[in-house]
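> how would this look folded up:
(one chain, ligands or ions: 2)
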Amino acid sequence: MSWWPFWRPDRGLQRLIDEADANPTDAAKQSALLQELNKFSPEDVIKRFEQRSHAVDSRGVAEYLRALILTNAIADYLPDEQSGRSASLPALLQELKQRVSGSEEKPFMNPGISEKQPLHVVMVDPKATGRSTRFAQEIFSTVLFTIAVGLMWVMGAAALQKYIGSLGGIGASGVGSSSSYSPKELNKDIMPEKNVKTFKDVKGCDDAKKELEEVVEYLKNPTKFTRLGGKLPKGILLTGSPGTGKTLLAKAIAGEAGVPFFYRAGSEFEEMFVGVGARRVRSLFQAAKKKAPCIVFIDEIDAVGSTRKQWEGHTKKTLHQLLVEMDGFEQNEGIIVMAATNLPDILDPALTRPGRFDRHIVVPNPDVRGRQEILELYLQDKPVASDVDVNAIARSTPGFNGADLANLVNIAAIKAAVEGADKLTAAQLEFAKDRIIMGTERKSMFISDESKKLTAYHESGHAIVALNTQGAHPIHKATILPRGSALGMVTQLPSQDETSISKKQLLARLDVCMGGRVAEELIFGEDNVTTGARNDLHTATELAQYMVSNCGMSDAIGPVHVKERPSVEMQSRIDAEVVKLLREAYGRVKRLLKKHEKQLHALANALLEHETLTADEINKVVHRYQEEPQLSFQEEDFALT
Ligand SMILES: Nc1ncnc2c1ncn2[C@@H]1O[C@H](COP(=O)(O)OP(=O)(O)OP(=O)(O)O)[C@@H](O)[C@H]1O
Ligand SMILES: [Zn+2]
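Ligands and ions are numbered 1, 2, ... in the order given. The predicted structure follows:
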């Protein structure tokens, strides 16, 4: 069997090759060659070593291990959660030990080589002197030492610790096995996920699903979709707190479209040594391109793309590589890159630029309906006693996300099993609910009834003003589920493209802003108003300032556009006008809400019951008390919290 590096060696190396080949039983000569060869082509060290046609000593084994590390082929021997592979490094070390210390009858097993091949394993290490146990110890410590030195050298002490941890079975991942030296090996472990999900498996985020439907259409037939003029973002960012089903949703898209799903956690790119993160990104996309159409999903993208991590050199490299990859394929190539984060605000702006993750989809915590659907989903394959009221559980679990609810059913099932019950009872589910509320930080997310009621009236205030004020945008949706820093939200939609806005429309906006605070005051009394209206007042004040100083909408100031830095005198006149506008709005809104108090109560109660209401539902609730309902909508405009 001949061996030759695939490139032309220089003279010094050529001499070492000749000498080693001329003396196949001289292990020292083989090792000298391997050592030199490692500087040029570690993969050739691996090739030569695994051919097993030359004598081997401990130095040779050390060079072989070093080559495995240099090419990252060592990852093949580490555990991999994705493929379920367990660590085979100990077995490898055992084999190496045997190869050096053992006799010809103990072949060095290598999957690539048939056992019939002649083996020229010759013991020649002078230190061995026939006593294999001592030698075995020595080789072992040499091996570990080499790994340590090799790793320290390549990736530093912190990463070494991680690596040692991974030997124990944690944290290692398959991507690492792609080596930059042997392109043939590349991607062999980057396989799409097998676990198929569909939209049926994801509940309680219908808006997000709807938005993602066109992505499914696109993935089913990218060229057709783009030929018909469809435009899609390359990157979609799913945002929302942990456990709301972002990963599940991305998987479901792949399942619906019947395309492969490549999953990576952002942290997988972050760990390991310099350059590996970038290389992993590259191999991920290489694998994806071969399987297109497909979805690439990067969970916790903030691990690589956060502005706060910029100072870390290798993270920057990884991020840069990700940007390069995203810029490197065309919209019709059938790759959709999805990412998830619960910290969208700290993402590097480079990531959210057009052509990258320019579509953002919020995956919110489920409302009552959503919670009920999720509970039903997880209960569907379990025997449930007749005393179980799923709707009641859904109502009593505000703040629970999908993961919590799945967990709730799980805990109840375990409890039932322990108790030997043949059906899940209400008591077991109640027990599980309490366990989750008590046991986790969810407790702090649990919204008190009092605070819920206040929010319900606050949001209803906005909505009722919008419904009854000419020039106000139609309502799209109202919710009392917390989102980000807001306790609740009313979203409105502009009825047509606005090129200029009339004074009437601006005043209507002012009034809608005021609605929340005024409703709180009317229902709970002046002493009980909360700081929840802070943002509203800020918005209203800015709006009033804009009207007075930019649009000439104040009689006292007149038809002027006030320059950047007005005089002190002018500024105080402006301020006075702003306060006047706001006070007037306040008065109008107070009169309006008193007049429509029944609507306010009806809507607040409906919100308390359902947590989220669409325009149609709001319409139905207030219809009885309304003179002329008019709701139409186009695209989302701005949100009041
Ligand atoms: N909307 C949902 N419908 C059904 N099951 C859900 C939903 N949300 C979460 N789950 C359950 O909780 C598990 C965890 O959800 P998943 O990992 O998708 O959440 P995530 O939003 O990606 O969270 P993280 O941000 O922590 O990754 C899911 O595997 C599923 O069992
Ligand atoms: Zn508000």
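> checking my notes, His561 in a strand, right?
No: with the criterion set as DSSP: H, G, I helix; E, B strand; the rest coil, the secondary structure at His561 is coil rather than a strand.
> if you skip the residues just before and after it, what's nearest to it?
Taking CB to CB, 6 or more residues apart in numbering, and ignoring the residues beside it in sequence, His561 has Asn550 as its nearest neighbour in space, at 5.8 Å. Bear in mind the C-beta positions are built from the backbone N, C-alpha and C, glycine included.
> what sits against Lys503?
Each residue near Lys503 by CB atoms under 8 Å, 6 or more residues apart in numbering is listed here: 547, 551, 553.
> how many neighbouring residues does the residue nearest to His561 have?
11 (other CB atoms under 10 Å).
> so it sits against Val562, correct?
Yes: counting by CB atoms under 8 Å, Asn550 touches Val562, with 7.2 Å between them.
> one step back: most neighbours of all the contacts of Lys503, which one?
Using other CB under 10 Å as the neighbour test, these are led by Met547, with 22 neighbours.
> if I've got this straight, that residue is in a helix?
Yes: the secondary structure assignment for Met547 places it in a helix, going by three-state DSSP.
> for it, give its distance to ligand 2.
Here the criterion is CB to the ion, to the nearest Å. By it, Met547 lies 20 Å from ligand 2.
> so who does that residue touch?
Met547 makes contacts with 503, 506, 553-554, 581, as judged by CB under 8 Å, 6+ apart.
> ligand 1 contacts on the stretch 351-500 of the chain?
Proximity of the stretch 351-500 of the chain to ligand 1 is confined to 374, 377, 402-403, 406 under the rule CB under 6 Å from any ligand atom.
> got it, and the chain?
Counting by CB under 6 Å from any ligand atom, the chain sits next to ligand 1 at 202-205, 242-248, 299, 340, 342, 374, 377, 402-403, 406.
> again, only this time at 5 Å
Residues of the chain found near ligand 1 (CB under 5 Å from any ligand atom) are 202-204, 242-248, 374, 402-403, 406.
> what subset of these is buried?
202-204, 243-248, 374, 402-403, 406 (16 or more other CB atoms under 10 Å).
> among those, which ones are in strands?
Secondary structure defined by DSSP state E assigns none of these to strands.
> just put these in a markdown table and tack on pLDDT.
What follows is those, written out as a markdown table (pLDDT from 0 to 100):
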| residue | pLDDT |
| --- | --- |
| Val202 | 94 |
| Lys203 | 94 |
| Gly204 | 90 |
| Gly243 | 89 |
| Thr244 | 92 |
| Gly245 | 93 |
| Lys246 | 94 |
| Thr247 | 93 |
| Leu248 | 94 |
| Ile374 | 96 |
| Gly402 | 93 |
| Ala403 | 91 |
| Ala406 | 92 |
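> so Ala303 touches Phe269, yeah?
Yes: between Ala303 and Phe269 there is a contact under CB under 8 Å: 7.1 Å.
> which one's more surrounded, the two?
For Ala303 versus Phe269, the count of surrounding residues by other CB under 10 Å is larger for Phe269: 29 against 20.
> measure the more buried one to Lys453 for me?
Distance of Phe269 to Lys453, computed by CB to CB, to the nearest Å: 46 Å.
> where does this protein come near ligand 2, residue by residue?
Counting by CB under 5 Å from the ion, the chain comes close to ligand 2 at 516, 536.
> no more questions from me, cheers.
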